[in-house]
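**Student:** What follows is a predicted protein model with its sequence.
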Amino acid sequence: MDQAVEKGICFCLGGERYIHPLSNVKEVLSYQSPAPVPGAGEGVEGMIDVRGNMVTVLYGTYLLKLDPNSCKKEGHIIVLDFPTGYFGVRVEEVEQVMDIPQSVDTNGLEYRDHHCIQGTVQLNKQLYILVEFSDYCKALD
């Protein structure tokens, strides 16, 4: 059995399961409609106020290059805390917090050429795609 290096938050989007390191996760919110931001870049849905902090909300489908029509609903916002600010990623559903095993498979990811995807992990007989959004969010600053 692989020893866990850190914890991750598991979420669903577009029929796939993902896991993001918990170290940057501030909280998970039920979806609330963000205020639009004039001139915002593609993939930015808008801004929300979370206890006095402005959070830029990004479409999870855009970040992961998924067809928005493949998603049933986007019901949660995962709020991430980075040195450049707070960012929210809109996802269908947050499942749970789990240990991320030390071994991550990076083979076979050619079908999804994307800088946010780090590899895949097998957890409880389910395949999860390991993602890390920090580099993308830093580029938005």
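**Tutor:** Nice, I can see it.
**Student:** Could you look up the SS state of Ala139?
**Tutor:** helix (DSSP: H, G, I helix; E, B strand; the rest coil).
**Student:** so Gly8 makes contact with Asn24?
**Tutor:** No. Gly8 is beyond contact range of Asn24, at 10.6 Å (criterion: CB atoms under 8 Å). (C-beta placed from N, C-alpha, C; glycine too.)
**Student:** of these two, who's got more company?
**Tutor:** Per other CB atoms under 10 Å, whichever of Gly8 and Asn24 has more neighbours is Gly8, with 26 against 18.
**Student:** Contact partners for the more buried one?
**Tutor:** With contacts taken as CB atoms under 8 Å, 6 or more residues apart in numbering, Gly8 has the following neighbours: 19-22, 97-100, 130.
**Student:** Likewise for Pro21?
**Tutor:** 6-8, 100, 132.
**Student:** Now with 6 Å, please.
**Tutor:** Contacts here follow CB atoms under 6 Å, 6 or more residues apart in numbering; on that basis Pro21 touches 6, 8.
**Student:** what's the pLDDT at it?
**Tutor:** Reported pLDDT at Pro21 in the predicted model: 92.
**Student:** Next, count neighbours for Gly43.
**Tutor:** Using other CB under 10 Å, Gly43 has 14 other residues around it.
**Student:** For it, which non-adjacent residue is closest in space?
**Tutor:** The shortest distance from Gly43 to any non-neighbouring residue, by CB to CB, 6 or more residues apart in numbering, is to Tyr62 (3.6 Å).
**Student:** My reading is that that neighbour lies in a strand. Confirm?
**Tutor:** No. According to three-state DSSP, the state of Tyr62 is helix, so it is not within a strand.
**Student:** This completes my enquiry, with thanks.
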